[in-house]
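1. need coordinates for the below:
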Amino acid sequence: MNKTLFVLIFTLYTGYNDVLFSQNTFDSDSIDNHLTSIYKKFCDNRHDYGGKYGEARDTILIRFQNTLAETLRKESFLNVKYDSLSEYMRIITSEDHKLKIFSWNEFSGGTWHVYNSMYQYKVNNELAVGFLTIKTEDHYITDNTEVYHYQTHLIDNDKYLVKAYGTHGSGKEFYMFRLLSYNDGVLKDCSGCFNGDDKFFYEITRGSDELIPQYNPKTEEIAFHELVEGYIDGDLDSPSGFMDSTGKILKLKYENGTFIPLED
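-> Residues are numbered from 1 along each chain as shown. Predicted coordinates for the structure are as follows:
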């Protein structure tokens with residue numbers, strides 16, 4: 001789709017959504033239930049790409065995203081608890097209560113799970129809202145940000161270490177740490193702060209819970225297993241496609257705005 005046409009359609013749709021808000025009166029409970037009902041409808045219609053049996057899944061999903069964004073921009077809904085919506089998606093709040101992240105499953109099919117995430121950040125008495133998932137114009141995700149954010153830690157002033165989960169199938173899953181801060185009008189990843197990388201990406205065999213990387217807020221360290229390529233029955237000519245742990249634990253420690261490797 002042409003980028004200009006996409007922006008025009010999105011703008012028109014958002015404007016239509018504003019009209020819906022102006023025509024309806026929502027309190028904290030009703031807006032929570034309203035958002036939940038839209039997402040539940042999306043889940044019920046997630047296999048309908050053509051709209052043969054009702055409203056097509058992508059149309060419902062766009063309406064949910066626009067309604068959520070409009071809700072998060074409104075000061076009057078700042079203290080909504082989202083008790084109902086949180087039963088269907090992960091909602092995390094930072095320790096300073098400035099940052100809130102919503103992560104939901106878009107049910108794109110197969111074992112490649114695509115999650116999407118939207119944030120609300122309170123800055124200078126205003127509410128900034130945006131996506132944490134980065135997509136190209138054709139919606140093909142390229143940088144592993146299609147993740148489910150489920151843990152956050154406040155580091156320094158207004159820096160947030162966020163832990164997330166994702167999977168591209170093939171018996172693998174990955175965990176990601178992102179150091180987010182609000183700059184130039186958006187909440188975005190740090191630049192090169194994970195030993196030179198913008199994010200910490202760690203892929204393991206699905207179900208290997210003992211290998212999940214962990215963050216210790218007291219020592220400000222990320223601990224993870226050293227991994228090496230595995231082989232079928234020890235045959236070096238038959239790689240398994242999976243990584244095995246050497247038993248050694250590696251660590252990244254936060255110092256002066258970056259996570260650096262700890263020496264043995």
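2. give the buried residues for stretch 52-71.
-> 57-58, 60-71 (16 or more other CB atoms under 10 Å). C-beta here means a position set from N, CA and C on the backbone, and glycine is covered the same way.
3. how about the CA coordinates for it, as PDB?
-> The C-alpha trace of stretch 52-71 is given here as PDB (Å, rounded to 0.1, in the frame of the first residue of the first chain):
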ATOM      1  CA  LYS A  52     -17.400 -13.500   4.800                       C
ATOM      2  CA  TYR A  53     -19.000 -14.100   8.200                       C
ATOM      3  CA  GLY A  54     -19.000 -10.600   9.600                       C
ATOM      4  CA  GLU A  55     -16.400  -7.900  10.100                       C
ATOM      5  CA  ALA A  56     -12.900  -9.000   9.000                       C
ATOM      6  CA  ARG A  57     -10.200  -9.500  11.600                       C
ATOM      7  CA  ASP A  58      -7.900  -6.700  10.500                       C
ATOM      8  CA  THR A  59     -10.700  -4.100  10.500                       C
ATOM      9  CA  ILE A  60     -11.500  -5.100  14.100                       C
ATOM     10  CA  LEU A  61      -7.900  -5.000  15.100                       C
ATOM     11  CA  ILE A  62      -7.400  -1.500  13.700                       C
ATOM     12  CA  ARG A  63     -10.500  -0.400  15.600                       C
ATOM     13  CA  PHE A  64      -9.100  -1.800  18.800                       C
ATOM     14  CA  GLN A  65      -5.700  -0.200  18.300                       C
ATOM     15  CA  ASN A  66      -7.200   3.200  17.500                       C
ATOM     16  CA  THR A  67      -9.700   3.000  20.500                       C
ATOM     17  CA  LEU A  68      -6.800   2.000  22.800                       C
ATOM     18  CA  ALA A  69      -4.600   4.900  21.600                       C
ATOM     19  CA  GLU A  70      -7.500   7.400  22.000                       C
ATOM     20  CA  THR A  71      -8.200   6.100  25.500                       C
END
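4. quick check: mean pLDDT across it?
-> The average pLDDT within stretch 52-71 is 91.
5. ok, stretch 84-100 next?
-> 97.
6. hmm, back to that, closest to Tyr121 out of the buried residues of stretch 52-71?
-> Of all those, Ala69 has the smallest distance to Tyr121: 12.8 Å, by CB to CB.
7. surely the closest one touches Tyr119?
-> No: Ala69 is beyond contact range of Tyr119, at 10.3 Å (criterion: CB atoms under 8 Å).
8. overlap of the contact sets of these two?
-> Common contact partners of Ala69 and Tyr119 (CB atoms under 8 Å, 6 or more residues apart in numbering): Val129.
9. part of a strand, is His34?
-> No: under DSSP: H, G, I helix; E, B strand; the rest coil, His34 sits outside any strand and is assigned helix.
10. OK, contacts around it?
-> Phe26, Thr67.
11. could you report the pLDDT at it?
-> Model confidence at His34, given as pLDDT, is 97.
12. check the one 10 residues further on too.
-> Asp44 carries a pLDDT score of 93 in this model.
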